[in-house]
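Participant: got a sequence here, can you build the structure:
(chains A and B)
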Number of protein chains: 2
Amino acid sequence: MGYLISNVHILTMNKTMDAYPDGAILIEGDRILRVAERSALAGEAKNQNHRVIDGRGAIAVPGFINAHTHSGMIPFRSLGDDCADRLRRFLLPLENRAMTGELASLSALYACAEMLLAGISCFVDMYYFEDTLAAAVKASGIRAFLGQTVMGEPVCDSREPYGGLLLGERFIQKWQGDELITPMIAPHATNTNSPEKIREAAALAARYDVPITMHVSEMDYEMEYFRRAYGMTPIGFLDSLGVLSPRFIAAHSIHSTPEDIRILARRGAAVAHCIGANTKSAKGVAPVKEMLEAGVKVALGTDGPASGNTLDLFTQFSLFAKFHKTAHRDRILFPASAILQLATSGAAAALGIEDQVGSIEPGKKADITLVETESVNMFPCFDPYSVLVYSATAANTDTVFVNGRLLVRGKKLTGLSLPDIRRNLDEAMGIFRREATAI
Amino acid sequence: MGYLISNVHILTMNKTMDAYPDGAILIEGDRILRVAERSALAGEAKNQNHRVIDGRGAIAVPGFINAHTHSGMIPFRSLGDDCADRLRRFLLPLENRAMTGELASLSALYACAEMLLAGISCFVDMYYFEDTLAAAVKASGIRAFLGQTVMGEPVCDSREPYGGLLLGERFIQKWQGDELITPMIAPHATNTNSPEKIREAAALAARYDVPITMHVSEMDYEMEYFRRAYGMTPIGFLDSLGVLSPRFIAAHSIHSTPEDIRILARRGAAVAHCIGANTKSAKGVAPVKEMLEAGVKVALGTDGPASGNTLDLFTQFSLFAKFHKTAHRDRILFPASAILQLATSGAAAALGIEDQVGSIEPGKKADITLVETESVNMFPCFDPYSVLVYSATAANTDTVFVNGRLLVRGKKLTGLSLPDIRRNLDEAMGIFRREATAI
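Facilitator: Next comes the predicted model:
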């Protein structure tokens, strides 16, 4: 049993950027079997036991990859957005007072629903209670890299500083080998963990051969601290610890110097660039052009819903284009197709799963998003890449396959009830709301 | 006969920024009669012959005002987006070869549909064939300021250079006094009109007491030209011609100097700030903070669909917040409520119609937008201003009133068929498509 997606404009995002303006895709089990002109696959619908998905008017792209978020933080959305020192005034205290495994898990399911409805088929998470949360993520059918947070102070899932190291190891042991969930370790930031514990986390990641992710070079005070304490940048410091490797995903890396970029390239570490969150908080624009020129693998992230507000990459596409073109005063820099690469094939390479996902090619996992062009913002379509980057919003996402399963059809979740997910989260937010309004 | 909008979270955007979390609005004819807590108006539904609009879960805001666009340019969307010298390579030649009154008019109707579906109740247009186009705009029910373009070379609606002056005068004579359409004159730019003709256009605007709009301080080469030719900035030059006044709407004004800002403030001229288009084309970020501090009236514009791609202000809200906060490295600058002001009460002041629209207050025209919060991107809502600025997209627009008429309900146009509007435009694009693909 499989699917035949027909009548679609396919942007394969493969190495030669092949496109099929009137194409069809054959899915068998969890894999893409064939990608071709529609006429070449016309017989398949009749000959095989395939469900036909009529994609008339839609653009088919590889499922988007969100390389950095905090799926447990939906309850924080729209809280204290324009306030100073939001992290220490709202986020950390509220997490300590009101975040529970149940709330994180209900939030994660909501976040997965939001991402699927935005065409995201895979995401990288950093949060607490990852073992609890993983069950909810798994239930949604999305593909995910889930990182258990490690921090040098008492946090909501561990009264013991660095308790995340033990939680993380158990989590990895339990989930490693899962078809959709890749467990990982996530030291919170360069300045919220001791050098020893950062080394321990990296050793853990190496021992189990799982990725490691961390907030790096995001904060002004972080830069200042490492300059004063070590005469180094955070990235230089991480390199001196020997923890940078191809399994390292550095979130943000806004304040990367030319030398930092050379280090990241040399170690094969990837960057999860969160342009929306970084600019909303006035932190700045990471030097992505220079990173890519140096061979650093860059992916796009929404950051958490407290920071980036929406968990969709369309918002990031538009911001990415506008901020980077303007920073370089160059309107032809980063054409729309190059931006889509960062959310698909480029992101897959950054996560080390480019042999599995990131393009619509035979043999790859069937992670596919169809974006409709019937809505008023999507006409005319001289260039489908442009339409996706400059016109589309999450609300144009029509159909999503992850691992060969049809999870979104006609802008609705196929297997989950969004009203139920919302009601359950809302009802679990009682203590959180009380604490939030008391700040 | 009127309407009672009930069960809504009203953001009045009046001078004291009053809000009614559980409010109701009474509309009679084209005016807002009452705005109050829901309980205070509960009897109205029974006592009067009012149609009740249940706004459960929605946020009610004044209809948004788009202060700069080119409604005839829908056919150009997604064409040559990341190309160098797009204006002279794509836009101007295609307009000369393929733009007709019919095409401009069908495009304008499409643009009005797109704006209404994004909660925009009023817009400022600069295009050709404005007299033809005005009939389509009028049919949509939207409020509009329509500017006939004047340019010093042959253009699509006039083989004669500056033919727009005569067309514009006739257009103004014909439409002045219309309930919804305000005709105006629109010299294209500072460097595409002679000083004499700019003066003539301003005199025309003064004679008929209508607004005048123009592209000002948008292009690098424009700045360079005025520096070399006159040793002035374009704004300094316009002031030396005596054409700046409270009826002048300067589009873009990206490269305004501190002295330019003082001039604009002194003359009472307004700025239509188009952050999305300005940054997509890598031109830069206008000094809006400094403009507002100096007392310059600033409104937000999408620019045309060739430049800004989508005709919605939600996209602009997010970009505005992120670009201006980042430019000043200040995350508390321009809180969400201040950004919404620029699209409502502030924009109304910029257009000189603050006594008519721009806030939800008794006596004002009933231009009201309801934004739903049921969609996945809109939960939770600790701060409705934040939700509108950082989470919402045009697709969250549920209901729109203009001048007391219900034009959008349940995300659909009430009186027009979007598929018909699109088919008619598509069918009229034959020559345009041929010429476009030949470039």
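
Participant: wait, is A:Tyr3 part of a strand?
Facilitator: Yes: under the criterion used here (DSSP: H, G, I helix; E, B strand; the rest coil), A:Tyr3 sits inside a strand.

Participant: lowest mean pLDDT among the helices and strands of chain A, which one is it?
Facilitator: Scoring the helices and strands of chain A by mean pLDDT, DSSP states H and E places helix A:42-47 at the bottom, with a mean of 77.

Participant: mind listing what's buried in that helix?
Facilitator: If you call a residue buried by 16 or more other C-beta atoms under 10 Å in any protein chain shown, then helix A:42-47 has these buried ones: A:Glu44. Backbone N, C-alpha and C define where each C-beta goes, glycine included.

Participant: for it, packing partners?
Facilitator: With contacts taken as 3 or more C-beta pairs under 8 Å, 6 or more residues apart in numbering or on different chains; DSSP states H and E, helix A:42-47 sits against strand A:2-11, strand A:19-28.

Participant: in the stretch 251-400 of chain A, what residue lies closest to chain B?
Facilitator: A:Ala395 (3.4 Å; C-beta to the nearest C-beta).

Participant: that residue is in contact with B:Ser391, isn't it?
Facilitator: No: judged on C-beta atoms under 8 Å, A:Ala395 makes no contact with B:Ser391 at a distance of 11.9 Å.

Participant: so if I had to pick from the two, which one is more boxed in?
Facilitator: B:Ser391 (26 against 22; other C-beta atoms under 10 Å in any protein chain shown).

Participant: now the more buried one: how far from chain A?
Facilitator: As judged by C-beta to the nearest C-beta, to the nearest Å, B:Ser391 and chain A stand 5 Å apart.

Participant: who touches that residue in this structure?
Facilitator: A:77-78, A:309-310, B:377-378 (C-beta atoms under 8 Å, 6 or more residues apart in numbering or on different chains).

Participant: sorry, back to before: out of the helices and strands packed on helix A:42-47, deepest packed?
Facilitator: Mean neighbours per residue, mean count of other C-beta atoms under 10 Å in any protein chain shown, is largest over the helices and strands packed on helix A:42-47 for strand A:2-11, with a mean of 23.

Participant: where does chain A have low pLDDT?
Facilitator: Per-residue confidence of chain A (counting by pLDDT under 70) places the weak regions at A:47.

Participant: which residue ranges make up the domains of it?
Facilitator: A:2-62+A:368-402, A:70-351 (automatic domain parsing).

Participant: surely A:Gly276 and A:Gln316 touch.
Facilitator: Yes: with contact defined as C-beta under 8 Å, A:Gly276 reaches A:Gln316; the gap is 5.5 Å.

Participant: between the two, which contacts overlap?
Facilitator: Between them, A:Gly276 and A:Gln316 share these contacting residues under C-beta under 8 Å, 6+ apart: A:302, A:308.

Participant: that older thread, who's in contact with the least confident helix or strand of chain A?
Facilitator: A:4, A:6, A:24, A:26, A:34, A:50, A:52.

Participant: roughly how far apart are the nearest residue to the first one once chain neighbours are set aside and chain B?
Facilitator: Spatial nearest neighbour of A:Leu4, chain neighbours left out: A:His50 (4.4 Å); criterion: C-beta to C-beta, 6 or more residues apart in numbering or on different chains. According to C-beta to the nearest C-beta, A:His50 and chain B sit 30 Å apart.

Participant: show me the contacts for A:Met236.
Facilitator: To be clear, residue A:236 is Gly; Met isn't right here. Contacts of A:Gly236 by C-beta under 8 Å, 6+ apart are A:226, A:230, A:259-260, A:263.

Participant: now swap in A:Tyr385 and tell me
Facilitator: Per C-beta under 8 Å, 6+ apart, neighbours of A:Tyr385: A:11, A:335-337, A:340.
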